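S.K.: Pasting the sequence and the predicted coordinates here, then a few questions.
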Amino acid sequence: MDSLSLSTVLVGAFTPLCWFIWKRYVAKHPLDILPGPPRESWWKGNVVQIFNPNAWAFHQMLAEKYGSIVKFHGFFGHRQLYVFDPKAMHHIVVKDQYIYEETDLFLETNKLVFGDGLLSSLGEQHRKQRKMLNPVFSTNHMRQMLPVFLEISTTLRDAIAAKVKDGAQEINMLEWFSRTALELVGQSGLGYSFDGLKEDSENQYSRAVKNLLPALFKTAIPRQLLPWAVKIGTLGFRRFIIKNTPWKALKEVDDIVDTMDKMTTQVFRSKKEALENGDDTVTEQVGQGKDIMSILLKANMAAAEEDRLPDSELLGQMSTLVFAAMDTTSGALSRTCLTLAQHPDAQARLREEIRQARSEKGSLDYDDLVNLPYLDAVCRETLRLYPPVTFVVRTTRKDIVLPFGTPVKGTDGREMHEVLVPRDTNIVVSILAANRNRDIWGDDALEWKPERWLSPLPQSVLKAQIPGVYSHLMTFLGGGRACIGFKFSQLEMKAVLSLIVESFNFKPSKEIVWTMGLSSPKVKGLEDATVQLPLMVELAQDA
Ligand code: HEM
């Protein structure tokens, strides 16, 4: 190579690098005016401090020290935002939701794992899917589902009763709640029974769903390249590379995806066939044609051409629903059960309310169950203080001005009411900090107090205009991508809790720590072991 072409290569390589360094480390950035923590490392920024499973204290410090609009550093000087100001959240999840979208990494990972479901689609495709799915998550449909919820919860109660009939036992309640959540979404969502809640009956699919997140976690760093990798070659070529790469973690994810895909395709085909063969065949299936997928298939066949979804998008909803329903609700049930174990007075009060209602009405119908005041207060307070999903991440598809409800004092001392957020900025919407905001919930915001829901909420809550779909909370988010299953999970929590709290007394057994992100329990000192919630369980007196 002569010296001229060598210098051309060097200039070609160094110009973009110098530009990158200048832009990320030297030039002024519109977000630099905002308060925020110093970066921990020049290349990792604050990423490890924010996105690690034990980051509770760091998140609390961010909210308390820097306020509700915070700038932090991502990888290689990338400025990002941490937000829990209600007006700003309203702009992000509702008003300008098509500019603040899911990140490419989130979408591409979900597309690979679940196919074309709600968690991997955007814009018009996502809106069409929601339009078709919303009716099957309505209160009316939940009402019809109650018998299935109660039957499965009763099976759970009987399984635990058999274990403790001779005296108190330590039981891993997370395992039982996960199995119950899977069976519930299986029967009422897919019209398929995964697990009769009998000992040792875990099937391949439930194992695959359970192992999915840990397996994805192992591929977290190389997966950052996924949005680019999916553009290389054909689908066949990419499949060939995945199948033949000698990397254990990737193989594990690939096997899980294959198992989930095989099962959902099989259930989907048999549903379609049953529908084509008429109503008698449908009612012979699990769920008797009342499950979410059967209704969705029927509605899709009857829909106008422009609203109809292709089979791939119906199929894509199946594993999406199972995944979105399982660890979230079992985590919420685990947290409630542990909190009740730590608050014996509240546990006794709840048991009394349930027994009283049952002695007056016999079996509880939908309205009785959802309107039990103390049960409702316990669920709301637990979902406020301990949201199972602690944050979501969005990214700006173009430059946009983000307004604040509460002014922020800039680093130059000026009062700011808005900031220009450049395109491709990631934003962490902190569900945790929003639900624990002292300015809104009062000085006792960090305390678990179900009683706060039994009297009128303070004006600060009503005036805050939190953009959440549920109870002035961000637990299920808000806007066009809010949790579609929030009524489903409410009913599940209430059906399960009403039966188990009536029958059993729960006491703490080991010290429990919770992971962040999708919150799960672990035993303190055994953080490397699998997730679990051991509790002492005994028959409640007079049960
Ligand atoms: C306590 C339990 C639950 C919590 C805390 C929860 C929370 C959430 C949150 C925060 C989101 C937004 C995620 C994002 O935008 O990145 C979400 C989305 C979603 N949830 Fe839930 N969820 C729960 C239970 C369920 C259940 C039981 C189902 C289904 C039966 C479900 C189905 C979904 C689906 C399909 C989405 C994606 C919605 C979309 O993008 O349009 N979730 N959930």
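M.R.: Now that the structure is in, tell me what you want to look at.
S.K.: contacts, neighbours, all on C-alpha from now
M.R.: Will do.
S.K.: chain center to stretch 303-319: distance?
M.R.: The chain centre lies 23 Å from the centre of stretch 303-319; the measure is C-alpha atoms, centre = their mean, to the nearest Å.
S.K.: For it, give me every contacting residue.
M.R.: For stretch 303-319, contacts defined as C-alpha atoms under 8 Å, 6 or more residues apart in numbering pick out 114-118, 128-129, 132, 189-190, 260, 264-265, 268, 293, 296-297, 300-301.
S.K.: So which residues of the stretch 351-500 of the chain form helices?
M.R.: Assigned by DSSP state H, counting those that start in this stretch, the helices in the stretch 351-500 of the chain fall at 366-370, 373-385, 431-435, 438-441, 459-464, 486-503.
S.K.: coming back round to it: just the contacts of stretch 303-319 that are near the ligand?
M.R.: residue 118 (C-alpha under 6 Å from any ligand atom).
S.K.: filter the contacts of stretch 303-319 to the buried ones?
M.R.: Listed as buried from the contacts of stretch 303-319 are 114-118, 128-129, 132, 189-190, 260, 264, 268, 293, 296-297, 300; burial here means 16 or more other C-alpha atoms under 10 Å.
S.K.: Tell me which of these fall in helices.
M.R.: Members of the buried ones among the contacts of stretch 303-319 lying in helices (criterion: DSSP state H): 114, 128, 129, 132, 260, 264, 268, 293, 296, 297, 300.
S.K.: Nearest to the ligand, out of the residues you listed: which one, please.
M.R.: Nearest to the ligand, judged by C-alpha to the nearest ligand atom, of those is residue 129 at 8.1 Å.
S.K.: wait, doesn't the closest one sit right on residue 118?
M.R.: Yes - distance between residue 129 and residue 118: 6.8 Å, which falls inside the contact criterion (C-alpha atoms under 8 Å).
S.K.: For the biggest strand by length in the chain, the averaged confidence score.
M.R.: Determined from DSSP state E, the single longest strand within the chain is strand 400-409. Averaging pLDDT along strand 400-409 gives 97.
S.K.: Identify all contacting residues around it.
M.R.: The contact list for strand 400-409 (C-alpha under 8 Å, 6+ apart) reads 34-35, 67, 69, 85-88, 91, 415-423.
S.K.: and with 10 Å instead?
M.R.: Contact with strand 400-409 is made by 33-35, 66-70, 83-92, 96, 99-100, 414-423, 464-465, as judged by C-alpha atoms under 10 Å, 6 or more residues apart in numbering.
S.K.: which among those end up buried?
M.R.: The buried subset of those - by 16+ other C-alpha under 10 Å - is 33-35, 66-70, 83-92, 96, 99-100, 418-419, 421-422, 464.
S.K.: Next up, identify which helix or strand the residue in the stretch 251-400 of the chain positioned nearest to the ligand is on.
M.R.: Across the stretch 251-400 of the chain, no residue is closer to the ligand than residue 325, which sits at 3.5 Å (C-alpha to the nearest ligand atom). Using DSSP states H and E, residue 325 falls within helix 311-342.
S.K.: how about that helix: buried residues?
M.R.: Using 16+ other C-alpha under 10 Å as the test for burial, helix 311-342 gives 313-323, 325-341.
S.K.: In the protein, what residue spans correspond to strands?
M.R.: Applying DSSP E to the chain gives strands spanning 69-73, 79-83, 100-101, 169-172, 391-396, 400-409, 415-421, 426-430, 504-508, 512-514, 521-523, 534-539.
S.K.: one step back: just the buried residues of the longest strand of the chain, please?
M.R.: 402, 403, 404, 405, 406, 408, 409.
S.K.: closest to the ligand among those?
M.R.: Of all the buried residues of strand 400-409, the ligand sits closest to residue 402, with 18.9 Å by C-alpha to the nearest ligand atom.
S.K.: Now tell me which helix or strand of this structure has the poorest mean pLDDT.
M.R.: Lowest on mean pLDDT, DSSP states H and E among the helices and strands of the chain sits helix 279-283, with a mean of 66.
S.K.: Could you pick out the residues of the chain near the ligand for me?
M.R.: Near the ligand, when you scan the chain using C-alpha under 6 Å from any ligand atom, you find 118-119, 320-321, 324-325, 328-329, 332, 387-389, 392, 475-477, 481-486, 488-489.
S.K.: Much appreciated, bye for now.
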